[in-house]
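>>> Let me see the structure of the following:
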Amino acid sequence: MIAGALVFLLLLGASCLAAARFVPHVIDDRCAQVEFRPIKLGENSVVYASDGSLLGVIPSVQNRRPLKLKQMSKWLAASTIAIEDKRFWHHGALDYDAILRALWRNLQAGGITQGGSTITQQLARNLYISGRQMSFDRKIDEACLALRLERLLPKRAILADYLNAVFYGNHAFGVQAAAQTYYTRNASELTLPQAALIAGLPQAPTAYDPFAHPWKAKARRNQVLRALRDQGRITPAQFRWARSRRLRLRPARLYSTIRQPFFFDLVQKQLVARFGHRAVSSGGLRVTTTIDRRLETLAGRALKAILRQRRDPAGALVAIDPRNGHIKAIAVRVPSGRRLKFNLATQGRRQAGSAFKPFVLATAMRQRIDPLATFFGPPVLTISERFCLNRDGPWNVHNFADEAAGTMNLFQATAHSVNTVFAQLVVAVGPRSVVATAHRMGITSPLLPVCSITLGTQAVSPLEMTAAYATLAARGVHHPPQSLAEVRGPRGRKLRVSSTRGTRALSPNDADIVTQALRGVVESGTGRAAALDRPVAGKTGTAEEYHDAWFCGYVPQLVTCVWLGYPQAEVPLLNVEGFPQVFGGTLPARIWRAFMAPAVARLPVRGFPAPSYAGHDRIPNRAHDGRSRA
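As a prediction, the model looks like this:
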């Protein structure tokens, strides 16, 4: 095979002198026997906020962003041609003089030491046969593919495609990625010495790596500049000026700097879930997200304004538009500066405490329980029902934190977050029904159907809690939390993202009754610190022993949940920012208000629909009809 290839290359070289017209036909005969498929080149995906501002870039496996030739510095094309293929504009797909010279040197060396490839051949190699081991057969295939490309594309298109495909080192494919990687600027802005440095890299990107070997890189740059001068493409004065310039590298930040890293992480996960890993890793997507930069800034400020000391716990805030599930803000603050390996807002799962009680109340409304039925809520209550038994026997429930006790209806029990009343309520509705309701409303974490679920003893994330509360704000319609507003493919075609129509989880009236109860939390109960100058519904949450503290609340147009806790372990929230014990109605409610007050200031004031209690007439065994006593 090798001997045959050598004979073929000898004929190819001789054709330069005697039979140039014959050689392309020989190559075509060879190519006709082989089927070639283009290699899929990667391309970076770009992610924008809802206002069009850049959030960051998701580098593909091949860090690449293609441009048209007119979008590049003129020095890139000139430098590349000067050092790679000085007769590019004058020969065809193959440069027979260069092939003959390379052939003679390869024969002298007894192997492939010089290629003599044109830019068109190098493009063919990158597009079709990248990764194949260097051989005479590969050179023949490369030549025939170059002839095909020349017939399909004009010279300028071939040059542009080459500049967009070639590898420049440090994960950069194409001149735009190279310009950003080495100079943090666009390819159109490169100066003569900068363009010369980049043009000199493809021959040996590792050896000439300007970060690792600046002196070698500078010598290679000057070699490119000499080629430009010798070919009359720059003047001697331009050459002297460019050669005297220092490298002045500015390592890339575009592909590593993310303005909203916690939201950005979610965007990447939802892109993979919607379009698949291959589409995202190949890249080229143009992603407009749901993030509101103003709200994102306000969220960060609210956390920072309250959590001021390095010893303070971490905080996470998520805000969602209940009308469509669009995530408007995600913010996380870790005052200690500790770097976390997970996103507290989307992946951090902790006990919700009493912030979980609205799902129990919603289950009761689905079962037509009378919200005005009265219960006795003592400070301590023993529940002896079999399905509530634990390892120690009967279930003992205590009121703690800022919870009240006494005789009250479900509105009052919700406002004052009375554990012993909600323990009776979960017995009446059944913990399995609570699990089903919570999942319908937007809780995605696995939940065990145990009676203690009413006290929020199971772990959930701030994102799913916000999505579930948004179901109440949307009057029973659940919208999965969505970070993607619009996604376009590499060619600008609009791709379909998830529907924002939502699914009904509760009847509108059942949701309105729960909202009415949650309004009492803010107006007269444990969440008074979250009050605004407009109707607000919300719920405080405090995990046992003050390990976690929550406040989730909403107006009709925006829903926000705030979580506080120590991410490294379940450490009690004691003596934080002047509070001996932190529960949901203290710091979380204050952070919520610090964010929501300016966040909704531009929105019209809207009230919540007044619910009807008709048909809600079931009285649980442990309760009695509160209306007859009114």
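>>> So for Asp137, what's the pLDDT?
At Asp137, the predicted lDDT confidence score is 64.
>>> no no, Glu570
Note on Glu570: pLDDT of 86.
>>> For the closest residue in space to it that isn't next to it in sequence, give me its contacts.
Excluding its sequence neighbours, the residue lying closest to Glu570 (CB to CB, 6 or more residues apart in numbering) is His547, at 4.2 Å. Backbone N, C-alpha and C define where each C-beta goes, glycine included. With contact set as CB atoms under 8 Å, 6 or more residues apart in numbering, His547 has these partners: 350-351, 565-566, 570-573.
>>> Ser188 now?
67, 71-73.
>>> Narrow those to those that are buried.
By neighbour count, with 16 or more other CB atoms under 10 Å, these hold 67, 72-73 as buried.
>>> which of those residues lies closest to Ile306?
Set against Ile306, the nearest of the buried ones among the contacts of Ser188 by CB to CB is Leu67 (45.8 Å).
>>> Who are the contact partners of that closest one?
The neighbours of Leu67, taking CB under 8 Å, 6+ apart as the test, are 160, 163-164, 174-176, 187-188.
>>> 6 Å instead, please
Under the criterion of CB atoms under 6 Å, 6 or more residues apart in numbering, the neighbours of Leu67 are 176, 187.
>>> quick one, phi psi at it?
In terms of degrees, to the nearest 10, the main-chain angles of Leu67 are phi -130, psi 160.
>>> Can you pull up the most central residue in the protein?
Note on the chain: the residue nearest the mean C-alpha position is Val267, at 2.6 Å, using CA atoms, centre = their mean.
>>> and that one, that one's in a helix?
Yes. Counting by DSSP: H, G, I helix; E, B strand; the rest coil, Val267 is found in a helix.
>>> just the buried ones among the contacts of Ser188: which has the poorest pLDDT?
For these, the weakest pLDDT value sits at Leu67, with 88.
>>> Okay, and Tyr554 sits in which element?
strand 548-555 (DSSP states H and E).
>>> Past that strand, which element shows up next along the chain?
Downstream of strand 548-555, the first helix or strand assigned by DSSP H and E is strand 558-565.
>>> starting at the chain centroid, how far to that following strand?
Centre-to-centre, strand 558-565 and its host chain are 20 Å apart (CA atoms, centre = their mean, to the nearest Å).
>>> Could you list the paired strands of the next helix or strand after it along with their orientation?
The helix or strand immediately downstream of strand 558-565 is strand 574-576, counting by DSSP H and E. According to DSSP bridges, strand 574-576 forms sheet pairs with strand 579-581 (antiparallel).
>>> Next, the buried residues of stretch 421-432.
Judged by neighbour count using 16+ other CB under 10 Å, the buried positions of stretch 421-432 are 421-429, 431.
>>> Now tell me what touches that stretch from outside.
Residues lying outside stretch 421-432 but in contact with it, judged by CB under 6 Å, 6+ apart, are 357, 360, 363-364, 367, 375, 377, 381, 383, 385, 397, 413, 449-451, 453-454, 620, 622.
>>> Show me which of the residues you listed are buried.
When burial is judged by neighbour count using 16+ other CB under 10 Å, the buried members of the contacts of stretch 421-432 are 357, 360, 363-364, 367, 375, 377, 381, 383, 397, 413, 450-451, 453-454, 620, 622.
>>> Just the ones of those residues in strands?
Residues from those lying in strands, with DSSP state E as the criterion: 375, 377, 381, 383, 397.
>>> just to revisit the earlier point, report pLDDT for the residue nearest to Glu570.
92.
>>> Give me the domain ranges for the protein.
1-35+68-166, 168-258, 297-367+430-483+504-629 (automatic domain parsing).
>>> Among those, show me which one is buried the most.
For these, average neighbour numbers computed from mean count of other CB atoms under 10 Å are highest in domain 297-367+430-483+504-629, which has a mean of 21.
>>> Now do it: distance to the chain's middle.
Relative to its parent chain, domain 297-367+430-483+504-629 has a centroid offset of 24 Å by CA atoms, centre = their mean.
>>> Also stretch 483-496?
Using CA atoms, centre = their mean, the mean C-alpha position of stretch 483-496 is found 15 Å from that of the whole chain.
>>> can you give me the end-to-end distance of that stretch?
13 Å (CA to CA, to the nearest Å).
>>> One more: stretch 529-542?
15 Å.
>>> that older thread, between the strand holding Tyr554 and strand 558-565, how many degrees?
170 degrees (axes from the mean of the first three to the mean of the last three CA atoms, to 10 degrees).
>>> Which neighbouring elements make contact with strand 548-555?
Counting contacts by 3 or more CB pairs under 6 Å, 6 or more residues apart in numbering; DSSP states H and E, the secondary-structure elements packed against strand 548-555 are helix 462-473, strand 537-542, strand 558-565, helix 587-599.
>>> Given that strand, what are its sheet partners and their directions?
Strand pairing for strand 548-555, determined by DSSP bridges: strand 537-542 (antiparallel), strand 558-565 (antiparallel).
>>> Kindly reformat the domains of the chain as a markdown table containing distance to Phe275.
Compiled in a markdown table, the domains of the chain are given as follows (distance: least, CB to CB, whole Å):
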| stretch | distance to Phe275 |
| --- | --- |
| domain 1-35+68-166 | 23 |
| domain 168-258 | 20 |
| domain 297-367+430-483+504-629 | 13 |
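>>> residues contacting Leu381?
Applying CB under 6 Å, 6+ apart, we find Leu381 in contact with 397, 420, 423.
>>> Excluding chain neighbours, what is closest to it?
Going by CB to CB, 6+ apart, Leu381 has Thr420 as its nearest residue, at 4.1 Å.
>>> ok, now how distant is that neighbour from Thr540?
Relative to Thr540, Thr420 is positioned 17 Å away (criterion: CB to CB, to the nearest Å).
>>> Repeat that for Val460.
To Thr540, Val460 is 15 Å away according to CB to CB.
>>> same thing with Ala314?
With the distance defined as CB to CB, Ala314 ends up 19 Å from Thr540.
>>> so which of the helices and strands packed on strand 548-555 comes closest to Gly300?
For the helices and strands packed on strand 548-555, proximity to Gly300 was assessed by CB to CB; helix 587-599 is nearest, at 9.3 Å.
>>> From the contact counts, what lies against that closest one?
For helix 587-599, the packing partners by 3+ CB pairs under 6 Å, 6+ apart come out as helix 293-306, strand 548-555, strand 558-565.
>>> Checking Val332 next. Helix, strand or coil?
Using three-state DSSP, the structure places Val332 in strand.
>>> Kindly provide the distance from it to Leu573.
Distance of Val332 to Leu573, given as CB to CB: 17 Å.
>>> Skipping adjacent residues, who's closest to Ala355 in space?
By the measure of CB to CB, 6+ apart, the closest residue to Ala355 outside its immediate chain neighbours is Gly541, 2.7 Å from it.
>>> got a list of what that neighbour touches?
The contact partners of Gly541, taken as CB under 6 Å, 6+ apart, are 352-355, 456, 550, 584.
>>> could you point out where the stretch 251-400 of the chain is predicted with low confidence?
Along the stretch 251-400 of the chain, the parts satisfying pLDDT under 70 run over 253-261, 277-279, 281-283, 341.
>>> repeat for the stretch 1-150 of the chain
Filtered on pLDDT under 70, the stretch 1-150 of the chain yields the residue ranges 1-44, 59-64, 92-93, 95-116, 126-141.
>>> dump the residue contacts of Gly565.
With contacts taken as CB under 6 Å, 6+ apart, Gly565 has the following neighbours: 313, 350, 548.
>>> Check Glu544 too.
Here Glu544 is in contact with no residue (CB under 6 Å, 6+ apart).
>>> Need the residues that contact the strand holding Tyr554.
By CB under 6 Å, 6+ apart, strand 548-555 touches 350-352, 355, 465, 469, 473, 530, 536-542, 561-565, 573, 582-584, 588-589, 592, 600.
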